[in-house]
Structures are given as structure tokens and as C-alpha cells.
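Enquirer: Provided below for reference: sequence and predicted model.
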Amino acid sequence: MRTLILGGTWEARQLAQRLGGRRDLAVTLSLAGRTAAPAAFSVPVRIGGFGGAEGLARYVLAEGVDALIDATHPYAAVISANSACAAQTTGVRFLALRRPPWLPIAGDRWIEVDGALAAVDALGETPRRVFLALGRKELAPFTAAPQHYYLVRSVDPVDPPLNLPRVDYIVGRGPYREADERALLSARLIELIVAKNSGSTATYGKIEAARALGLPVLMLRRPILPAVPSVETVEAVVAWLDHADLACAARGV
Ligand code: NAP
């Protein structure tokens with residue numbers, strides 16, 4: 001069964017690893033190509049956009065894809081909408097792997113905002129020391145608030161650097177442990193974090209660290225994704241694939 005995983009997440013990587021050795025599946029992992037040196041995978045990888053929902057539908061038909069899995073990041077709203085649309089037009093079996101969001105617990109000081117622009121407004125006029133735990137494409141709005149100090153962490157270097165007077169960069173790929181995050185925030189005298197509610201255990205360390213230090217978190221609200229059949233774990237995707245695989249075999253597809 002030809003299986004296309006739309007990836008770019010830790011779960012997509014786990015899924016590819018789980019399925020890599022299976023003889024009944026021909027798995028391809030698709031990445032957008034945002035990171036310069038993606039991690040190694042145990043299945044064939046294709047890199048780059050498809051050309052919108054129509055392009056993805058064309059790819060699905062041309063490659064004879066039997067099962068399409070949207071395992072992209074919860075903030076990757078465009079590809080999720082495109083995959084839902086392509087699944088509808090092609091009729092390919094389709095499932096989304098959606099991480100549940102983190103929920104605030106006692107001690108969390110979250111302020112939810114609608115995107116990076118709203119986060120910039122919420123920072124206010126008084127200079128503060130801010131940790132930006134965002135993707136590179138979400139950073140530009142912060143140049144409108146140069147009074148703050150920013151600590152930026154990204155997988156690849158921010159190039160060109162932001163047009164800001166006081167900014168430091170860290171390059172890194174998770175997972176990040178709470179103790180290390182606490183040490184980082186304390187060493188840099190961070191007063192506030194701007195983050196996305198990714199729901200990933202790999203990046204939850206900063207949220208735990210913020211709680212321990214009593215720091216507020218400006219949390220960017222999740223985008224609204226299309227209502228499609230979805231599961232929350234890699235195991236559930238594997239079970240769904242096994243079921244679809246049996247159905248394929250029964251019909252001699
Ligand atoms: P996006 O805004 O939803 O998608 C923009 C375009 O990128 C899509 O229209 C598509 O181009 C291409 N694309 C996205 N994911 C792709 C994939 N897996 N394979 C092939 N093309 C893909 O996506 P994004 O927010 O920029 O995220 C890009 C990638 O980074 C995704 O794989 C996502 O899982 C990962 N990621 C995103 C975030 C985040 O916060 N957004 C965080 C961590 C990882 P075409 O229209 O040309 O097909």
C-alpha cells in the first residue's frame with residue numbers, strides 16, 4: 001500500500017521509523033524543505049511543496065498513493081487545508097495525526113493571543129527580556145518593538161538576522177528538558193516567553209520552566225484546521241493503516 005506521510009514533526013519521524021521496515025507498505029515522507037539539514041529517515045523522503053491542493057492531488061494520483069497521512073505541525077494550517085482538499089478530490093484514504101494542545105495547569109501564567117502581531121502588542125512599551133520560541137517565519141513582526149531584548153531559538157540560523165538592536169540567537173533542535181530550559185531562562189534573565197501551543201512533549205520543557213520560575217507565557221492560539229478524521233498518536237495511525245491495508249488486500253488492490 002503506497003503511503004504518503006506529510007511530515008515536518010517529531011511524530012511524523014516516529015511514524016516513518018515505525019513503518020520503515022514493513023514489506024506491505026511503500027512509505028514516502030514529504031517535507032516542506034524548511035530545515036537545511038533534516039534528520040535522517042528510514043523511508044524515502046521527498047522535499048518541497050506540491051503546488052497547492054491541486055498539486056498535491058495530482059501527486060497522489062500520479063504516484064498511486066493509497067493512504068495519505070497529514071502528520072504536519074498543528075500550526076501548519078495551509079498544508080493541512082490542502083491535504084484535506086486533495087483527499088476529497090482524489091478519494092484517497094486520509095487521516096490526520098493531530099497532537100492535543102497543552103492545557104494550562106496551576107501555576108501557569110498564560111496569556112493567549114491571536115498570532116505574532118498580537119504578541120508584539122501584548123509585550124507593551126516597557127522594555128522586557130523576551131524568549132521567542134517561534135519559527136523563523138514568525139519573527140519579523142517583533143522588529144516593530146525594538147525596545148525589548150530578544151532571545152531567539154531556531155533549528156537553523158536566522159538569516160538574515162533580525163533588524164533589532166538587542167537580540168541573541170541560539171540554534172538547536174529539541175527535545176529540551178525542563179532543567180535545561182530553566183537554566184537558560186535564568187541565565188538570560190528572561191521575563192517572558194512567546195510560544196506556540198505545539199502540544200509536543202519535546203518542547204514542553206520551556207512551559208514547565210516558565211511555571212517553575214513564575215514567568216508569563218504569551219501563547220499564540222492554534223489555527224483552526226479542517227474537520228477531518230484524525231487521531232492523536234502514532235500508534236493509532238499504525239492501527240488505522242493496518243485496517244486500511246487489510247481492506248486493500250481484501251479487494252486485491
Ligand atoms: P504551511 O504554512 O501549512 O504550508 C505552506 C506550504 O508549504 C504548503 O502550501 C506546501 O506548499 C508546503 N508544505 C508544508 N508542509 C509540507 C510537507 N510536509 N510536504 C511538502 N510541502 C509542504 O506550513 P508551515 O507552517 O510553513 O510548515 C512547514 C513545515 O514545517 C511543515 O512540514 C510543518 O509540519 C513543519 N513545522 C511547522 C511548524 C510551525 O509552527 N508552522 C513548526 C514545526 C514544524 P505547496 O502549497 O506548494 O504544496
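Expert: Good, I have the coordinates. Predicted model only: the values in this text are computed from it and were never measured. Numbers count the residues shown, from 1 in each chain.
Enquirer: In this structure, what helix or strand scores lowest on average pLDDT?
Expert: helix 234-250 (a mean of 84; mean pLDDT, DSSP states H and E).
Enquirer: So residue 178 sits against residue 209, correct?
Expert: Yes - using C-beta atoms under 8 Å, residue 178 is in contact with residue 209, at 5.3 Å. C-betas here are computed from N, CA, C, even on glycine.
Enquirer: From the neighbour counts alone, determine which of those two ranks first.
Expert: More neighbours surround residue 209 than the other of residue 178 and residue 209, with 24 against 16 (other C-beta atoms under 10 Å).
Enquirer: measure the more buried one to residue 220 for me?
Expert: According to C-beta to C-beta, to the nearest Å, residue 209 and residue 220 sit 18 Å apart.
Enquirer: And for residue 143?
Expert: 17 Å.
Enquirer: now residue 186
Expert: Taken as C-beta to C-beta, the span from residue 186 to residue 220 is 24 Å.
Enquirer: now swap in residue 55 and tell me
Expert: For residue 55, the distance to residue 220 - C-beta to C-beta - is 28 Å.
Enquirer: returning to that earlier point: neighbour count winner among residue 143 and residue 220?
Expert: The neighbour comparison of residue 143 against residue 220 (other C-beta under 10 Å) goes to residue 220, with 21 against 13.
Enquirer: For the more buried one, which non-adjacent residue is spatially closest?
Expert: Once flanking residues are discounted, residue 220 sits nearest to residue 196: 4.9 Å by C-beta to C-beta, 6 or more residues apart in numbering.
Enquirer: How about residue 69?
Expert: residue 5 (4.8 Å).
Enquirer: Need phi/psi at the one you found.
Expert: Torsion angles at residue 5 (phi, psi; degrees, to the nearest 10) stand at phi -100, psi 120.
Enquirer: I'd assumed residue 31 was in contact with it.
Expert: No - at 9.7 Å, residue 5 and residue 31 do not qualify as touching, with contact defined as C-beta under 8 Å.
Enquirer: okay, the two: which has more neighbours?
Expert: Neighbour count, other C-beta under 10 Å: between residue 5 and residue 31, residue 5 has more, with 28 against 19.
Enquirer: ok, now which ones touch that one?
Expert: For residue 5, the contact set (C-beta atoms under 8 Å, 6 or more residues apart in numbering) comprises 12, 15, 16, 27, 28, 29, 30, 43, 69, 71.
Enquirer: And the helix or strand that contains residue 16, what's buried?
Expert: Taking DSSP states H and E as the definition, residue 16 sits inside helix 10-19. Going by neighbour count (16 or more other C-beta atoms under 10 Å), the buried part of helix 10-19 is 10, 11, 12, 13, 14, 15, 16, 18, 19.
Enquirer: Which residue is the nearest non-sequential neighbour of the residue nearest the centre of the chain?
Expert: Nearest residue to the geometric centre of the chain (C-alpha atoms, centre = their mean): residue 73, 2.8 Å. Leaving aside its sequence neighbours, residue 73 sits nearest to residue 9 (C-beta to C-beta, 6+ apart; 5.3 Å).
Enquirer: Read off the pLDDT value for residue 35.
Expert: Here the pLDDT value assigned to residue 35 is 82.
Enquirer: err, residue 177, not the other one
Expert: 96.
Enquirer: Apart from its neighbours in sequence, what residue is nearest it?
Expert: residue 205 (5.2 Å).
Enquirer: pLDDT wise, what is the residue nearest to residue 69 at?
Expert: 98.
Enquirer: Distance of it relative to the ligand?
Expert: 8 Å (C-beta to the nearest ligand atom, to the nearest Å).
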